[in-house]
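Engineer: just to be clear, the model below is a prediction. Sequence and coordinates:
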Amino acid sequence: NAGVTQTPKFQVLKTGQSMTLQCAQDMNHNSMYWYRQDPGMGLRLIYYSASEGTTDKGEVPNGYNVSRLNKREFSLRLESAAPSQTSVYFCASSSSGGLTGELFFGEGSRLTVL
Amino acid sequence: QKEVEQDPGPLSVPEGAIVSLNCTYSNSAFQYFMWYRQYSRKGPELLMYTYSSGNKEDGRFTAQVDKSSKYISLFIRDSQPSDSATYLCAMSADTDKLIFGTGTRLQVFP
């Protein structure tokens, strides 16, 4: 049982380059999330999708776009990467989000922007 | 002011000690409270979940919520080296969004 799978695990970009982080879950969950984790800042919500076909902004959406491709997949795109986007990115999924508290996280994608 | 405040630590304790981890929050609408554990270079995993006020116990772990003080705690009894990790509190109102604390790094030495 794979759970939540993120690709790539590591990426180095130059300022201005674009890239897409991919996320897939095999638990038939409705809700999916993208968080970033920075030292001293904790986990901050970038975007989330409560169901297939819907997306909403979180706490720090600027500079990012998302696509809920289908129920399984939720991608995060950086159109023009900036050094401030150097971070560890986590995708998560849940059957009912905050109401049960159980988010299942991937192992993270470590992004460095030079 | 952040919605959720958590002491980042690090907290270093000997094996067998009782550990107390805490978070304070400002949003009185929060009613779902969680503790996640995150090992180094891994994603967080849910450890404890509590709805509204009160205590919840699971083995060596006890979660407490005091909504009147806007304060939540996680106690770990008989701490083990395998408990060494970062512990993140999280909370939500009646929505799909969880707000996380910054995490407290715990090290339990033999």
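Structural biologist: Okay, I see it.
Engineer: for chain B, what lies in contact range of chain A?
Structural biologist: By CB under 8 Å from any CB of the partner chain, the residues of chain B that approach chain A are B:4, B:6, B:8, B:32-34, B:41-46, B:49, B:88, B:90, B:92-103. C-beta here means a position set from N, CA and C on the backbone, and glycine is covered the same way.
Engineer: using CSV, write out every CA atom in stretch A:34-47.
Structural biologist: Extracted C-alpha coordinates of stretch A:34-47, given in CSV (Å, rounded to 0.1, in the frame of the first residue of the first chain):
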residue,chain,number,x,y,z
TRP,A,34,0.0,21.0,-0.4
TYR,A,35,2.1,22.3,2.5
ARG,A,36,5.5,23.8,2.7
GLN,A,37,7.7,23.4,5.7
ASP,A,38,10.4,25.9,6.6
PRO,A,39,12.6,26.1,9.8
GLY,A,40,10.8,28.1,12.5
MET,A,41,7.7,28.4,10.4
GLY,A,42,6.2,25.0,10.7
LEU,A,43,3.8,23.5,8.1
ARG,A,44,2.0,26.2,6.1
LEU,A,45,-0.9,25.4,3.7
ILE,A,46,-0.4,26.5,0.1
TYR,A,47,-3.5,25.1,-1.6
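Engineer: can you tell me if that stretch touches chain B.
Structural biologist: Yes - Stretch A:34-47 reaches chain B (CB under 8 Å from any CB) through A:35, A:40-45.
Engineer: contacting residues for the closest residue to residue B:42 other than its chain neighbours?
Structural biologist: Leaving aside its sequence neighbours, residue B:42 sits nearest to residue A:107 (CB to CB, 6 or more residues apart in numbering or on different chains; 6.0 Å). Contact partners of residue A:107, counting by CB atoms under 8 Å, 6 or more residues apart in numbering or on different chains, are A:6, A:9, B:41-43.
Engineer: and residue A:107, helix, strand or coil?
Structural biologist: Following DSSP: H, G, I helix; E, B strand; the rest coil, residue A:107 is assigned to coil.
Engineer: could you check how far it is from residue A:32?
Structural biologist: 16 Å (CB to CB, to the nearest Å).
Engineer: what residues does chain A put near chain B?
Structural biologist: A:4, A:31, A:35, A:40-45, A:48, A:50, A:58, A:90, A:92, A:94, A:97-103, A:105-108.
Engineer: would you write a PyMOL line that selects the buried entries of these?
Structural biologist: Per 16 or more other CB atoms under 10 Å in any protein chain shown, the buried members of those correspond to this PyMOL selection:
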select buried, chain A and resi 4+31+35+42+43+44+45+48+50+58+90+92+94+97+98+99+101+102+103+105+106+107+108
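Engineer: which of the residues of stretch A:34-47 next to chain B sit farthest apart?
Structural biologist: A:40 and A:45 (16.8 Å; CB to CB).
Engineer: can you count the residues close to residue 17?
Structural biologist: Defaulting to chain A. The number of residues packed around residue A:17, counting by other CB atoms under 10 Å in any protein chain shown, is 14.
Engineer: wait, chain B was what I had in mind.
Structural biologist: Neighbour number of residue B:17 under other CB under 10 Å is 16.
Engineer: tell me which element it is part of?
Structural biologist: For residue B:17, there is no helix or strand it lies in under DSSP states H and E.
Engineer: the one helix or strand residue B:107 maps to packs against which elements?
Structural biologist: Using DSSP H and E, residue B:107 sits within strand B:104-109. Where contact means 3 or more CB pairs under 8 Å, 6 or more residues apart in numbering or on different chains; DSSP states H and E, strand B:104-109 is packed against strand B:11-14, strand B:19-25, strand B:85-92.
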